[in-house]
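S.K.: give me a 3D structure for the following:
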Amino acid sequence: MADAPLGGFLLPLDGNSKEEKSSIPKIALSQGTTYIGRDRIPVADKRLSRRHIAVCTSADGSAHILVEGTNPVVIQSKGQRNKLLSGAKWKIHTGDIIELIPGHYLFKYVAANDTTDWRIPTTTREKRPSAEESSEGKQLALNRKRMHTISEEEALATNSNDVLQCSNQQPNTSSEGIRNFQISKNKLPLTFRLLRVKELPEWANTNAASINDVIQGNVLVAVLSNYMVDIDWLLSECSMLKKVHHVLVLHGEGDGTLEYMKRKKPPNWILHKPPLPISYGTHHSKAMLLVYPRGVRVIVHTANLIYVDWNNKTQGLWMQDFPWKDQNSNSKGCGFENDLVEYLGTLKWPEFIANLPTIGSFSINPSFFRKFDYSSAKVRLIASVPGYHTGSRLSKWGHMKLRTVLQECTFENQFEKSNLIYQFSSLGSLDEKWMAELASSMSAGMTEDKKPLGIGKPLIIWPSVEDVRCSLEGYASGNAIPSPLKNVEKEFLKKYWARWKSSHAGRCRAMPHIKTFTRYSGQNIAWLLLTSANLSKAAWGALQKNNSQLMIRSYELGVLFLPYTGKYECSFSCTDDGRLSEDELASRGSVEVKQTKLVSLAWKGDENKGSAEVIQLPVPYELPPRLYSSGDVPWSWDRRYTEKDVYGQVWPRQRFKTLLCRDILYQTAQNQSLDDCCRVMEITKGLDLFPGKASAR
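M.R.: Presented below is the predicted three-dimensional model:
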């Protein structure tokens with residue numbers, strides 16, 4: 001489909017209604033409707049909704065706006081300021097000024113057919129600050145400008161050193177392994193997929209998933225589990241959810257967002273925040289359970305239900321469909337089933353009755369999900385549940401659950417004392433004792449010679465400041481990598497840092513929100529966990545009382561990929577309605593398989609030789625990782641960065657300092673560090689952190 005013709009522009013202005021000389025670029029408006037909000041302009045201010053206003057332009061130059069967000073918008077027109085509340089509509093003309101928040105985020109509207117010289121700037125990438133007058137500075141400025149149109153991944157394909165200089169990287173000649181990630185539909189449940197990234201070339205999105213690849217078909221009941229939920233985006237992106245009669249949203253949102261969700265949700269939706277018995281915990285699990293006439297679809301992923309997570313970040317997703325059990329089945333359930341139902345039982349959601357056409361009436365509670373046959377699952381669930389876990393429950397959750405499962409597994413001899421990878425998007429307040437505790441769990445398992453695998457050396461893959469600065473979103477992507485300086489700059493962590501490099505997956509500039517923990521040798525993988533859990537005691541738990549008690553603060557959920565031998569039930573689908581291709585019909589059924597072998601996308605072996613069936617996992621970072629060089633600085637979101645990013649911004653922008661500090665206070669509280677909280681209180685001294693509300697005492 002051809003792009004819609006241009007309808008006009010929004011020009012950013014400063015507080016004095018003069019054209020802004022830096023930061024936000026102009027916004028092109030296509031004829032028709034364009035949504036403007038926090039996702040379109042790279043800001044962290046949560047007063048701006050992600051779809052704050054809708055601007056509708058016509059070929060004749062006329063335009064109007066509709067206020068979609070909850071906060072008022074001001075229109076300056078013909079010398080008057082007109083305040084519009086949520087839901088209001090207003091006709092605008094060339095030269096009118098829009099204040100997205102009264103007094104803030106000013107834009108001038110210019111129709112595309114207007115011939116007046118409005119001196120429309122593009123971005124500050126066309127300007128040369130005095131510091132760039134040197135030869136080296138001019139070259140760097142040119143590189144930034146080129147990054148506007150050439151992605152780093154395209155530069156790798158053409159060996160463009162100019163673009164690579166911006167992110168302080170060397171040319172990488174590794175193949176674009178994601179191109180070869182071609183896996184048959186019936187084997188998709190044996191691996192995971194990356195989510196599509198909107199601004200990447202098509203080859204980088206090979207076999208990638210979008211939310212509409214997941215939520216589709218005749219859904220009868222939907223259970224959506226997440227931390228953040230943008231209900232406006234979710235309903236616009238998946239409009240079919242409006243027709244689902246029973247939707248349960250398990251969330252971790254605060255009171256303000258929850259009140260908005262209650263106003264905007266369809267009447268048949270149920271919102272539930274699972275209980276948090278220990279302070280500073282969160283409901284962080286990201287999963288979906290979709291019930292169909294033919295069975296249930298289970299999805300475990302890493303993305304919040306918000307636009308940027310499903311379009312701009314490196315994310316991961318696993319999915320498998322399971323049929324209804326035979327009514328006469330006496331099955332006691334497999335490990336996957338028992339883990340799933342036990343985890344769901346901790347969430348304490350209000351039961352509700354669902355009348356499922358042609359199937360019957362059911363009470364939707366955790367036990368309902370025992371009605372499906374999970375025997376074909378070849379992954380294990382690793383969950384965290386808040387509480388003080390002792391006795392038999394000590395090994396059910398967090399890193400002790402992972403330890404227990406791995407202890408039952410046998411791995412190839414090559415993985416003896418092999419390395420570990422911790423890759424995540426938020427770093428807690430850690431110490432060396434706890435890191436050793438976690439490594440002990442991550443290193444569990446036996447070799448083929450019946451010897452313990454031994455403690456592996458962990459590396460932490462974490463974006464550097466340059467990675468964030470040159471990313472698709474610039475510094476704004478750092479909002480989703482929320483770790484304070486004091487957590488990041490602990491001296492003992494320096495030996496762990498490794499670079500975020502994703503040339504083979506085309507995602508060098510798509511900052512990681514995915515969380516993976518793995519043990520590897522070369523391009524061979526012993527096991528891999530795709531999870532919502534970051535590297536923190538709150539997520540994984542910490543042993544107490546002489547290792548007899550595990551304390552966990554948050555809910556987390558992940559899927560563990562392991563090699564296996566035995567029967568494999570070819571993939572069942574909830575959405576094919578029984579219409580299978582000839583190839584699918586021919587391969588349907590239970591087959592005996594060889595030992596599976598887990599490998600990365602860069603694996604170079606011959607899968608047609610040897611005794612194992614090769615399963616590729618789209619690990620989005622290169623193996624082995626590159627250690628930080630002396631010039632690499634790990635990203636922390638409460639440091640000031642004065643070198644401009646690809647949007648011409650510095651970090652943090654002054655107007656967002658208050659909101660950033662509020663986020664940091666929340667994050668440091670989660671990481672249980674009084675020192676961190678005191679430090680941020682010093683930073684924020686004199687700031688009104690909660691404008692419009694009485695100060696908390």
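S.K.: surely A44 meets N479?
M.R.: Yes: with contacts counted by Cβ atoms under 8 Å, A44 reaches N479, the gap being 5.1 Å. The way it works is simple: take the backbone N, C-alpha and C, and place the C-beta from them, glycine included.
S.K.: which one of those two has more residues nearby?
M.R.: Taking neighbours as other Cβ atoms under 10 Å, A44 and N479 compare with N479 leading, 23 against 20.
S.K.: please tell me how far the more buried one sits from R38.
M.R.: 10 Å (Cβ to Cβ, to the nearest Å).
S.K.: now do the shared contacts for those two.
M.R.: Common neighbours of N479 and R38 (criterion: Cβ atoms under 8 Å, 6 or more residues apart in numbering): A44.
S.K.: past the helix or strand bottoming out on mean pLDDT in the chain, which element shows up next along the chain?
M.R.: Here the helix or strand of the chain ranked lowest by mean pLDDT, DSSP states H and E is helix 161-166, holding a mean of 30. Heading C-terminal from helix 161-166, the first helix or strand you meet, by DSSP states H and E, is strand 193-194.
S.K.: hmm, who's touching that next one?
M.R.: The contact list for strand 193-194 (Cβ under 8 Å, 6+ apart) reads 178, 205, 207-209, 314-319, 505, 507, 514, 618, 620.
S.K.: can you rerun that using 10 Å?
M.R.: 178, 181, 183, 204-209, 213-214, 301-302, 313-319, 502, 505-507, 510, 514, 618-620 (Cβ atoms under 10 Å, 6 or more residues apart in numbering).
S.K.: separation between the residue nearest to the spatial centre of the chain and N328?
M.R.: The structure's the chain has its C-alpha centroid closest to A303; by Cα atoms, centre = their mean the separation is 3.4 Å. Using Cβ to Cβ, A303 is found at 39 Å from N328.
S.K.: picking that back up, now the residue nearest to the centre of the chain: closest residue in space that isn't a chain neighbour?
M.R.: Leaving out its chain neighbours, the residue that sits closest to A303 by Cβ to Cβ, 6 or more residues apart in numbering is D309, at 3.9 Å.
S.K.: what of I299?
M.R.: Spatial nearest neighbour of I299, excluding adjacent residues (Cβ to Cβ, 6+ apart): M288 at 4.2 Å.
S.K.: what is the burial count for the one you found?
M.R.: 21.
S.K.: for A354, give me phi and psi.
M.R.: Dihedral pair for A354: phi -120, psi 130, per degrees, to the nearest 10.
S.K.: tell me the bridge partners for the closest residue to it other than its chain neighbours.
M.R.: Leaving aside its sequence neighbours, A354 sits nearest to H246 (Cβ to Cβ, 6+ apart; 4.6 Å). Taking DSSP bridges as the rule, H246 bridges to V221.
S.K.: now swap in I552 and tell me
M.R.: G387.
S.K.: since we're on it, how many residues are nearby?
M.R.: By the measure other Cβ under 10 Å, the count of residues near I552 is 25.
S.K.: check contacts around it.
M.R.: Counting by Cβ under 10 Å, 6+ apart, I552 touches 278, 281, 383-389, 397-400, 537-542.
S.K.: please convert the buried members of those residues into ChimeraX selection syntax.
M.R.: Buried residues among these (16 or more other Cβ atoms under 10 Å), as a ChimeraX selection:
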select :281,383,384,385,386,387,389,397,398,399,400,537,538,539,540,541,542
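S.K.: mind listing which of the contacts of I552 are in helices?
M.R.: Those of the contacts of I552 mapping onto helices are 398-400, 537-540, per DSSP state H.
S.K.: and stretch 31-50, how far apart are its ends?
M.R.: Start-to-end span of stretch 31-50 (Cα to Cα, to the nearest Å) is 20 Å.
S.K.: go through that stretch and flag the buried ones.
M.R.: In stretch 31-50, counting by 16+ other Cβ under 10 Å, buried: 31, 34-45, 47-50.
S.K.: what mean pLDDT does that stretch get?
M.R.: Stretch 31-50 carries an average pLDDT of 81.
S.K.: ok, stretch 105-112 next?
M.R.: On average, stretch 105-112 scores 89.
S.K.: ok, stretch 634-642 next?
M.R.: In this model, stretch 634-642 has a mean pLDDT of 95.
S.K.: list the buried residues in that stretch.
M.R.: The neighbour-count check on stretch 634-642 (16+ other Cβ under 10 Å) flags 634-639, 641 as buried.
S.K.: can you check stretch 92-108 too?
M.R.: Neighbour-count burial for stretch 92-108 flags 92, 94, 96-101, 105-108 (criterion: 16+ other Cβ under 10 Å).
S.K.: which two of those residues have the greatest separation?
M.R.: Within the buried residues of stretch 92-108, T94 and I101 form the most distant pair, 22.6 Å apart (Cβ to Cβ).
S.K.: gap between the residue nearest to the centre of the chain and L427?
M.R.: Using Cβ to Cβ, A303 is found at 19 Å from L427.
S.K.: so D339: helix, strand or coil?
M.R.: Secondary structure of D339, reduced to three states by DSSP: H, G, I helix; E, B strand; the rest coil: helix.
S.K.: what's near enough to touch it?
M.R.: With contact taken as Cβ under 10 Å, 6+ apart, D339 is in contact with 333, 374, 377, 380-383, 396, 401, 405, 557.
S.K.: try 7 Å this time
M.R.: If a contact means Cβ atoms under 7 Å, 6 or more residues apart in numbering, then D339 has 380-381, 383 as its contacts.
S.K.: restricted to strands, list the residues you listed.
M.R.: Using DSSP state E, the members of the contacts of D339 that fall in strands are 380-381, 383.
S.K.: just the closest of those residues to I231, please.
M.R.: Nearest to I231 among those: A383, at 25.3 Å, using Cβ to Cβ.
S.K.: excluding its backbone neighbours, what's nearest the closest one?
M.R.: Closest residue to A383 apart from its sequence neighbours, by Cβ to Cβ, 6+ apart: Y343 at 4.4 Å.
S.K.: count of neighbours near that neighbour?
M.R.: 23.
S.K.: hang on, it in a helix?
M.R.: Yes: read with three-state DSSP, Y343 is one of the residues of a helix.
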